[in-house]
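Participant: next input, structure requested:
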Amino acid sequence: MKAPGTPPTLPAAAPRARLPPPPMTTKAVLIAHVRRELIGRLERLGQAARDAHAAATDPDAKAESKYDTRSLESSYLASGQDRQLEQLTADLHAYENFIFPDFDPDSAIAAGALVEVIDDSPAWFLLSPAAGGLELEFEDSPLTVLTPESTLFGQLLGLRIGDSLASQSLTITDLR
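Facilitator: Below you'll find the model as predicted:
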């Protein structure tokens, strides 16, 4: 029996189902999604780097023999993850400071463009200052982030809707 004044016990709430992300249909939503993806990767990599650093400096990781390299391997891993963390931080900073312009259908492709191409099937490319190689879905088609270091980024610059890249058998069909 409950004591007087005790609030009623409520049944445990059912766990919330994770809803799939809404479909990306605009360039602004896509760019916000890329930023969120970079932030998520930054958080995960930051935790991994902290864990690797802790493993490298853990007193229990001291070598038990001249062949025991656990601590050395952990320090190399921590160093590599620190470099990745710096690059990811720079990528996120570039996204926060770059203004992605809108393009009209008559424009030439330039940095910041969202470009749809057709080969055997449609695909999208975001010409971006950072985060090259990131792959997402956009309007039910694959999207790849390209940076100026990419050969394809340079090949797309200056092209317009209807132009083709013979070397890749791609035809530009949309520009945003």
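Participant: for residue 82, which non-adjacent residue is closest in space?
Facilitator: Leaving aside its sequence neighbours, residue 82 sits nearest to residue 49 (C-beta to C-beta, 6 or more residues apart in numbering; 5.7 Å). All C-beta spots, glycine's among them, are computed from the backbone N, C-alpha and C.
Participant: err, residue 63, not the other one
Facilitator: Distance criterion C-beta to C-beta, 6+ apart; nearest residue to residue 63, sequence neighbours excluded, is residue 71 at 6.1 Å.
Participant: for the strand or helix carrying the one you found, the distance to its chain's centre please.
Facilitator: In this assignment (DSSP states H and E), residue 71 forms part of helix 70-97. Its chain's C-alpha centre and that of helix 70-97 lie 15 Å apart, by C-alpha atoms, centre = their mean, to the nearest Å.
Participant: same check on stretch 67-79?
Facilitator: 28 Å.
Participant: what does it rub up against?
Facilitator: For stretch 67-79, the surrounding residues in contact (C-beta atoms under 8 Å, 6 or more residues apart in numbering) are 49, 52-53, 55-56, 58, 61-63.
Participant: pLDDT value on residue 167, please?
Facilitator: Looking at residue 167, its pLDDT reads 83.
Participant: I figured it hits residue 155, correct?
Facilitator: Yes - in terms of C-beta atoms under 8 Å, residue 167 counts as a neighbour of residue 155; the distance is 7.1 Å.
Participant: can you pick out the residue with more neighbours from the two?
Facilitator: Applying other C-beta atoms under 10 Å to residue 167 and residue 155 shows that residue 155 carries more neighbours, namely 15 against 9.
Participant: who touches the residue lying closest to that one once chain neighbours are set aside in this structure?
Facilitator: Once flanking residues are discounted, residue 155 sits nearest to residue 165: 5.7 Å by C-beta to C-beta, 6+ apart. Listed by C-beta under 8 Å, 6+ apart, the contact partners of residue 165 are 117, 155-156, 159, 171.
Participant: kindly recompute the last result at 10 Å.
Facilitator: 117, 119, 152, 155-156, 159, 171-172 (C-beta atoms under 10 Å, 6 or more residues apart in numbering).
Participant: that concludes my questions; thank you for your assistance.
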